[in-house]
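>>> Dropping a prediction and its sequence here:
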Amino acid sequence: MCLDTEDNLNNTIAAMFDSSKKIALFMEGALDSDMGKMGFGLMRFSKHPIVCVIDSNYAGKTVEESVGLPYDIPVIDSIDEAVGKGSEILVLGIAPSGGKFPDAWDLPISEALQNGLSLINGLHDDLYTRYGNLLVNAPTQKIWDVRKPKNSYPIATGKAAQLNNKRILMIGTDMAAGKMTAGLELYAALKKQGSKVGFVPSGQIGITLMGNGIPLDAIKVDQAAGAVQEAVLEEADKDIIIIEGQGSLAHPGSTATLPLLRGSQATHLILCHKAAYSHLRAPVSHIPIPPLDEFIKLNEAAAAVCGSQTKAKTIGIALNTVGLSDKEAAQKVIEVEKLTGLPTTDVIRFGVEKLIEAIRNN
């Protein structure tokens with residue numbers, strides 16, 4: 001059974017990440033929405049076999065047939081079908097605004113647990129407290145509340161600046177701009193090339209994939225920079241550390257960028273931007289995204305006044321070109337490179353080579 005002590009939580013993480021366990025992604029009503037980013041992240045990066053996606057709107061199709069993503073995963077409409085396909089873990093693949101658990105999910109989640117499935121929850125609500133009494137196969141059946149922080153973290157002191165390595169912070173113009181995806185693609189490519197590289201997850205998707213990290217938006221604001229610092233120091237033996245970004249300085253609802261800058265003492269920044277967007281996502285879509293060259297200066301200025309001793313500079317731009325044709329995406333890359341003078345790519349469409357070169361040469 002999942003207990004509240006840190007040691008038992010760590011044991012739970014290890015158990016949940018037995019890569020042979022089969023996953024069902026619960027994405028009801030969100031397979032065609034960017035609220036489904038948790039599910040999309042697992043489809044791309046998870047080592048677990050994903051046997052199905054639950055979304056009754058597209059039942060009977062595959063993910064590729066439903067939304068054009070290159071995954072031949074069947075879409076079904078019920079927990080019963082997921083159980084029949086051998087699912088062992090149900091992952092909430094949706095990230096609703098504010099990370100709040102909808103009451104409408106009570107029935108399917110209860111049904112999953114009563115059928116012996118474990119649950120990975122990336123929302124803010126503590127679902128072990130709510131559903132722990134429904135576990136039927138303890139101790140092998142688990143509920144992992146990914147966004148459950150430790151009881152306390154140290155206060156940041158700028159200590160990460162003493163590290164003799166490169167600390168690459170993924171900075172976004174908005175929420176869901178591709179910071180985690182670009183960061184993980186860079187991490188995977190650097191690791192494949194033999195670099196001694198670490199990755200610091202700071203959100204529910206990265207933590208779920210890596211099995212560790214800090215749920216930054218669930219940590220007390222006074223301890224947030226300290227949590228980042230602690231996570232970065234744990235990777236001190238690495239030559240390069242990729243730090244997953246959260247939020248944006250441009251977003252009125254986000255406070256995440258400042259503790260990331262303060263705690264990581266980043267040496268380099270990579271700007272992540274959703275290329276088809278001129279304004280922030282709903283519910284603040286009335287707010288325009290600043291011109292990228294001006295936004296770069298803003299982030300660098302923020303880094304300079306966050307106690308940074310490293311004078312972090314932006315070394316490249318990772319565009320998310322979802323919604324654009326290949327021709328439009330290539331043209332956008334050219335436009336952004338001309339505007340900013342920085343190497344620019346969509347790491348999914350065009351690869352990571354430009355950004356890898358920027359990391360090695362700066």
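Perfect, I can see it now.
>>> Pull up the gap between H124 and D326, please.
Shown here: H124 relative to D326, a distance of 38 Å by Cβ to Cβ, to the nearest Å. Yep, even glycine has a C-beta here, placed from its N, CA and C like the rest.
>>> Between the two, tell me which one has more neighbours.
H124 (17 against 11; other Cβ atoms under 10 Å).
>>> for the stretch 101-250 of the chain, what spans make up the strands?
118-121, 143-145, 166-172, 197-200, 240-243 (DSSP state E, counting those that start in this stretch).
>>> Of all the ones you listed, which one is nearest L271?
strand 166-172 (5.3 Å; Cβ to Cβ).
>>> In its sheet, which strands sit next to the closest one, and in what direction?
Partners of strand 166-172 in the sheet, by DSSP bridges, are strand 240-243 (parallel), strand 268-274 (parallel).
>>> Verify the stated contact: P252 with I287.
Yes - judged on Cβ atoms under 8 Å, P252 makes contact with I287 at a distance of 7.1 Å.
>>> higher neighbour count, these two?
A direct count of neighbours by other Cβ under 10 Å for P252 and I287 places I287 higher, at 13 against 8.
>>> Can you verify my assumption that that one contacts G253?
No - I287 is beyond contact range of G253, at 10.3 Å (criterion: Cβ under 8 Å).
>>> what residues do these two have in common as contacts?
Taking Cβ atoms under 8 Å, 6 or more residues apart in numbering as the criterion, I287 and G253 do not both touch any residue.
>>> Now do the same contact list for the residue in the chain sticking out farthest from the centre.
Computed with Cα atoms, centre = their mean, the residue of the chain farthest from its C-alpha average is V136, at 30.5 Å. Applying Cβ under 8 Å, 6+ apart, we find V136 in contact with 113-116.
>>> What of L127?
101, 109, 119, 121, 143, 145.
>>> and the gap between the nearest residue to it once chain neighbours are set aside and A256?
Spatial nearest neighbour of L127, excluding adjacent residues (Cβ to Cβ, 6 or more residues apart in numbering): N121 at 4.6 Å. Distance, N121 to A256, by Cβ to Cβ: 20 Å.
>>> And for K274?
From K274 to A256 the distance is 17 Å (Cβ to Cβ).
>>> which residues in the stretch 51-200 of the chain form helices?
63-67, 79-84, 106-114, 127-131, 179-192 (DSSP state H, counting those that start in this stretch).
>>> How far does the second one sit from its chain's centre?
It refers to helix 79-84. Centroid separation for helix 79-84 versus its chain: 27 Å, with Cα atoms, centre = their mean, to the nearest Å.
>>> same check, this time on the third one
Once both centres are worked out by Cα atoms, centre = their mean, helix 106-114 turns out to sit 25 Å from its chain's centre.
>>> Mind listing what's buried along it?
The neighbour-count check on helix 106-114 (16 or more other Cβ atoms under 10 Å) flags 108-109, 111-113 as buried.
>>> Okay, now the unreliable bits of the chain?
Applying pLDDT under 70 to the chain picks out residues 1-17, 97-99, 307-310.
>>> please redo it, this time with the cut-off set to 80
1-19, 95-100, 138-139, 306-310 (pLDDT under 80).
>>> Would you mark the buried spots in stretch 162-181?
Going by 16+ other Cβ under 10 Å, stretch 162-181 has these buried residues: 163, 165-181.
>>> Do me a favour and get the end-to-end distance for that stretch?
28 Å (Cα to Cα, to the nearest Å).
>>> how about CSV for the helices of the stretch 51-200 of the chain, with distance to T321 added?
As requested, these are exported to CSV (distance: least, Cβ to Cβ, whole Å):
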stretch, distance to T321
helix 63-67, 16
helix 79-84, 33
helix 106-114, 34
helix 127-131, 35
helix 179-192, 12
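>>> Which of the ones you listed sits closest to M38?
Nearest to M38 among the helices of the stretch 51-200 of the chain is helix 179-192; the distance by Cβ to Cβ comes to 10.0 Å.
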